[in-house]
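> what shape does this take:
(6 chains)
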Protein chains: 4
Amino acid sequence: MDVFARKGFFLSKVSEIAEKAGVADGTIYLYFKNKDDLLISIFEEKMREINASFRDGLAQEPDALSRFRRFIRMHLEGFQSYPELASVFLVELRQSSRFMRDYKKVELENYLDLIGELVEQGQCEGVFRSDISVGLVKRLIFGTLDEVVSTWVLAGKPYELVALTEPVLDLLLHGIQKENDAIHKKPPEADVT
Amino acid sequence: MDVFARKGFFLSKVSEIAEKAGVADGTIYLYFKNKDDLLISIFEEKMREINASFRDGLAQEPDALSRFRRFIRMHLEGFQSYPELASVFLVELRQSSRFMRDYKKVELENYLDLIGELVEQGQCEGVFRSDISVGLVKRLIFGTLDEVVSTWVLAGKPYELVALTEPVLDLLLHGIQKENDAIHKKPPEADVT
Amino acid sequence: MDVFARKGFFLSKVSEIAEKAGVADGTIYLYFKNKDDLLISIFEEKMREINASFRDGLAQEPDALSRFRRFIRMHLEGFQSYPELASVFLVELRQSSRFMRDYKKVELENYLDLIGELVEQGQCEGVFRSDISVGLVKRLIFGTLDEVVSTWVLAGKPYELVALTEPVLDLLLHGIQKENDAIHKKPPEADVT
Amino acid sequence: MDVFARKGFFLSKVSEIAEKAGVADGTIYLYFKNKDDLLISIFEEKMREINASFRDGLAQEPDALSRFRRFIRMHLEGFQSYPELASVFLVELRQSSRFMRDYKKVELENYLDLIGELVEQGQCEGVFRSDISVGLVKRLIFGTLDEVVSTWVLAGKPYELVALTEPVLDLLLHGIQKENDAIHKKPPEADVT
DNA sequence: CATGAATGAGCTTTCATTCAT
DNA sequence: TATGAATGAAAGCTCATTCAT
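Okay, here's the model as predicted:
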């Protein structure tokens, strides 16, 4: 995964992966069908671990809001401690959908489902709006996290990714618009003076 | 661009692109330095057109909020009418940052700057919150749109992408949390007076 | 010829030759059958000029020995004033014998014949040994001049090539051995003491 | 080397060399960096062998003159028994100086040095003239041998190359001028006493 | 006569995959 | 089970040559 992440799928050579793994080229083919299978397998295995640990972590939180906060922190923490995964997660697997027709992405979808569940639970508990599509919210959340991590990676990881937990949470929860009810109701005459 | 979008950069063969373009393989190299240059050039050219038309469109809107709505609609409209661009935009160019070290992404950055300007104008006009980082908001917006389009493409474009304009706008503006936060905050009765 | 000399036959591009000549690529093919023909034609033409001027020059000399000296000086002068020719002369045409089966090398052989004539005249006049094969002497002379020029070119032309006229002439005339008659006759007894 | 010799560097196809060698195209690249490296490597290896065997052979000779004779015979014998080497030696490597800038020609220069040493030893022993430049003599010898072999190869090897040993030696030692110069010089009667 | 854009055959080189050991 | 030398298909790119203008 280190190699795939550093070079991308097509620029990664099987021989290089074998060398990094300390085995012979041929040995790879005793455990994986081909290069595609290699990428998918190691990614899915990693994702399985991640999904398990995420479910454990989330189970410890009492309510939907704190689970949501925890989810964002874990996502950012995860990529911060294992940035190599980010590239694969963000780019390779996305592209793979085009050339690996038979890849089912089981664990990747489990991860996305996790977000869906969080949203639904939040709606049940009455802390999240019910007038919005869960699918759309998943994309809002996943897209934003994606982009936050991606920017961080491309910029050379110049700051603590996890420190963005609260700002990101705030944005996702409240949006970017100024509380416009307040605007209608409390005119800013005091400021004008 | 059709070929790149359908197969991805590495699986696209120059000979296939030439065939689709109705020219001989060698002719490609009269106009482009190499395969990298080919992808970058056609992408940048398209982006230049898009940026120009976006600036035109936005200039017609009176205020930041309507400009923001217009931007989202144009983004979704654009990808809906030219889905081939989406794949390149979303995947190839992102990956390219790894193997095309010298690609400056001028027009792609112009596009991102456009979002930044929208946000700053909104803050100036007092319709967008000022307590949030412009950079982070750019990622919220760009990431969400990215993911919305991406999901739509991968799902086989089964609906009108542009129909998501208002829901997306709503989410970005107000967030996902139920407006019960008003409860925690200063109640508006004082303002009513 | 400049281009051929600088890059060699295979690395010279027809388009580059056309550019240097100030004509379009296609124009070349109005005057030459193909690239091979181009090299041969311009070389033979140049050689024809050279052969003519050599015959003129040699005709002015009274005897075989001074003609021989003049020949060597003209050869070195020629390459000194037109080093580009040297590369073609030395390398390209030699190689060409392999890929241009039908090249007759008329003028190149005229040049070699010139040396042969000089040697035969010298033998007639009694200044050159008659117990040696003319063919072999041609190779002695041509090979030596070849190597002298070649070394000079490869070394970056750091000295006056024509200044080697007398040393070369001396070597060719007298060989490298010390006058060994003297050795047989005057024993070195004085040194032994 | 057979292929390079028969066709020249540029007309030799790697696939043809591989076929002749009984291996797949790709196998070539397990042992050589590229086509240039292939030519240089096999040439240098052969030259190393030749240099070693030449030094062995020369070590057996008692004096400079017999070493010189031996050298010429070995040179002619060598090319006679391995004519393929000749073409590479004479043409390809000479041209290579132009397109293989980084080729150091270690063994080729060792060979040339061998001639230089022979000349210097001859001068020490008093059998070779001391009033001539060693560099120039190297070119006389190397150029002549070059041309002798080259003519033989281009003529289709119609005679025993090694039979030219004595005539060539004679020419190199005594030059082409008739020994009438003895007349001009101090007559040997004084020495006879 | 001259042009030069277009051609496309053919090259070197790479690298996923195999299989005898 | 592990190896890694060998494979050979396939790709990017070049450039001599053509021919409509």
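
> so what's the residue of chain A found nearest chain D up against?
Closest to chain D within chain A is A:S15: 11.8 Å, counting by Cβ to the nearest Cβ. Bear in mind the C-beta positions are built from the backbone N, C-alpha and C, glycine included. Shown in contact with A:S15 (Cβ atoms under 8 Å, 6 or more residues apart in numbering or on different chains): A:D25.

> what helix or strand does it sit in?
Using DSSP states H and E, A:S15 falls within helix A:14-21.

> likewise for A:D131?
In the assignment (DSSP H and E), A:D131 maps to no helix and no strand.

> number of nearby residues for it?
Using other Cβ atoms under 10 Å in any protein chain shown, A:D131 is surrounded by 8 other residues.

> re earlier: so the helix holding A:S15, near DNA strand F or not?
No: judged by Cβ under 7 Å from any atom of the strand, helix A:14-21 makes no contact with DNA strand F; its nearest approach is 7.6 Å.

> which parts of that helix are buried?
A:V14, A:I17, A:A18 (16 or more other Cβ atoms under 10 Å in any protein chain shown).

> equivalent analysis for stretch A:124-132, please.
A:V127, A:F128, A:R129, A:I132.

> off-centre distance for that stretch?
Centroid separation between stretch A:124-132 and its chain, computed with Cα atoms, centre = their mean, to the nearest Å, is 22 Å.

> do that stretch and chain B come into contact?
Yes: contact of stretch A:124-132 with chain B (Cβ under 8 Å from any Cβ of the partner chain) involves A:G126, A:V127, A:F128, A:R129, A:S130, A:I132.

> mind checking the end-to-end distance for that stretch?
Start and end residues of stretch A:124-132 are separated by 13 Å (Cα to Cα, to the nearest Å).

> do stretch A:31-40 as well
Stretch A:31-40 has an end-to-end distance of 13 Å (criterion: Cα to Cα).

> is DNA strand E within reach of it?
Yes: taking Cβ under 7 Å from any atom of the strand as the criterion, stretch A:31-40 and DNA strand E are in contact, through A:N34, A:K35.

> near chain B at all, that stretch?
No: using Cβ under 8 Å from any Cβ, stretch A:31-40 stays clear of chain B, coming no nearer than 11.8 Å.

> what mean pLDDT does that stretch have?
Over the span of stretch A:31-40, the pLDDT mean works out to 92.

> just the element for A:F9, please.
Per DSSP H and E, there is no helix or strand for A:F9.

> can you show me the strands along chain A?
In chain A, no strands are defined using DSSP state E.

> quick one, what contacts A:Q80?
A:K157, A:E160, A:L161, A:V162.

> can you name the residue of chain A nearest DNA strand F?
At 1.7 Å from DNA strand F, A:G26 is the closest residue in chain A, using Cβ to the nearest atom of the strand.

> closest to chain C out of the residues of stretch A:124-132 next to chain B?
Nearest to chain C among the residues of stretch A:124-132 next to chain B, with distances taken as Cβ to the nearest Cβ, is A:I132, at 63.2 Å.

> would you mind measuring from the residue of chain A closest to chain D to B:A64?
Distance of A:S15 to B:A64, given as Cβ to Cβ, to the nearest Å: 55 Å.

> thought A:T151 was touching B:R139?
Yes: with contact defined as Cβ atoms under 8 Å, A:T151 reaches B:R139; the gap is 5.8 Å.

> between those two, tell me which one has more neighbours.
Taking other Cβ under 10 Å, A:T151 and B:R139 do not tie; B:R139 has more neighbours (27 against 17).

> ignoring the adjacent residues along the chain, who's closest to the more buried one?
Using Cβ to Cβ, 6 or more residues apart in numbering or on different chains and skipping residues adjacent in sequence, the residue nearest B:R139 is A:E147, 4.1 Å away.

> tell me the contacts of the one you found?
Residues in contact with A:E147 (Cβ under 8 Å, 6+ apart) are B:R139, B:L140, B:F142, B:G143, B:D146.

> these two touch, right, the fourth one and A:T151?
No: under the criterion of Cβ under 8 Å, B:G143 is not in contact with A:T151, lying 9.0 Å apart.

> for A:A21, which residues are in contact?
A:A21 touches A:I28, counting by Cβ under 8 Å, 6+ apart.

> point out where chain A drops to low pLDDT.
Low-confidence segments of chain A, defined by pLDDT under 70: A:90-91, A:93-102, A:179-193.

> any residue of the lengthiest helix in chain A touching DNA strand F?
In chain A, assigned by DSSP state H, the helix with the most residues is helix A:35-59. No: judged by Cβ under 7 Å from any atom of the strand, helix A:35-59 stays clear of DNA strand F, getting no closer than 12.8 Å.

> the helices in chain A, which residues?
Assigned by DSSP H, chain A shows helices spanning A:2-7, A:14-21, A:25-31, A:35-59, A:64-81, A:83-87, A:93-99, A:106-125, A:134-154, A:165-174, A:180-185, A:189-192.

> just say which of these is most tucked in.
Comparing these by mean neighbour count (mean count of other Cβ atoms under 10 Å in any protein chain shown), helix A:134-154 comes out on top with a mean of 22.

> quick one: work out the angle between that one and helix A:165-174.
With axes from the mean of the first three to the mean of the last three Cα atoms, to 10 degrees applied, the angle from helix A:134-154 to helix A:165-174 works out at 150 degrees.

> helix A:134-154: how far from the chain's middle?
Chain-centre distance of helix A:134-154: 7 Å, with Cα atoms, centre = their mean.

> with only the CA atoms kept, save it in PDB.
Output in PDB follows, covering the C-alpha atoms of helix A:134-154 (Å, rounded to 0.1, in the frame of the first residue of the first chain):
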ATOM      1  CA  VAL A 134     -29.500  11.000   3.700                       C
ATOM      2  CA  GLY A 135     -27.800  10.200   0.400                       C
ATOM      3  CA  LEU A 136     -27.000  13.900  -0.200                       C
ATOM      4  CA  VAL A 137     -25.800  14.400   3.400                       C
ATOM      5  CA  LYS A 138     -23.400  11.400   3.000                       C
ATOM      6  CA  ARG A 139     -21.900  13.200   0.000                       C
ATOM      7  CA  LEU A 140     -21.700  16.500   1.800                       C
ATOM      8  CA  ILE A 141     -19.800  14.800   4.700                       C
ATOM      9  CA  PHE A 142     -17.700  12.400   2.700                       C
ATOM     10  CA  GLY A 143     -16.900  15.000   0.000                       C
ATOM     11  CA  THR A 144     -15.800  17.600   2.500                       C
ATOM     12  CA  LEU A 145     -13.600  15.200   4.500                       C
ATOM     13  CA  ASP A 146     -12.200  13.900   1.200                       C
ATOM     14  CA  GLU A 147     -11.300  17.400   0.100                       C
ATOM     15  CA  VAL A 148      -9.900  18.400   3.500                       C
ATOM     16  CA  VAL A 149      -7.600  15.400   3.600                       C
ATOM     17  CA  SER A 150      -6.700  15.800  -0.100                       C
ATOM     18  CA  THR A 151      -5.700  19.400   0.300                       C
ATOM     19  CA  TRP A 152      -3.600  18.500   3.400                       C
ATOM     20  CA  VAL A 153      -1.800  15.700   1.500                       C
ATOM     21  CA  LEU A 154      -1.100  17.800  -1.600                       C
END
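
> what angle separates that helix from helix B:106-125?
Orientation note: helix A:134-154 sits at an angle of 110 degrees relative to helix B:106-125 (the same axes, to 10 degrees).

> tell me the residues of chain A that contact DNA strand E?
Checking chain A against DNA strand E by Cβ under 7 Å from any atom of the strand, the hits are A:L11, A:S12, A:K13, A:V14, A:S15, A:D25, A:G26, A:I28, A:Y29, A:N34, A:K35.

> which of the residues you listed lies closest to chain C?
When the residues of chain A next to DNA strand E are compared against chain C (criterion: Cβ to the nearest Cβ), the nearest one is A:L11, at 30.5 Å.

> tell me how many other residues surround the closest one.
14.

> measure A:R73 to D:S133 for me?
Taking Cβ to Cβ, one finds A:R73 at 83 Å from D:S133.
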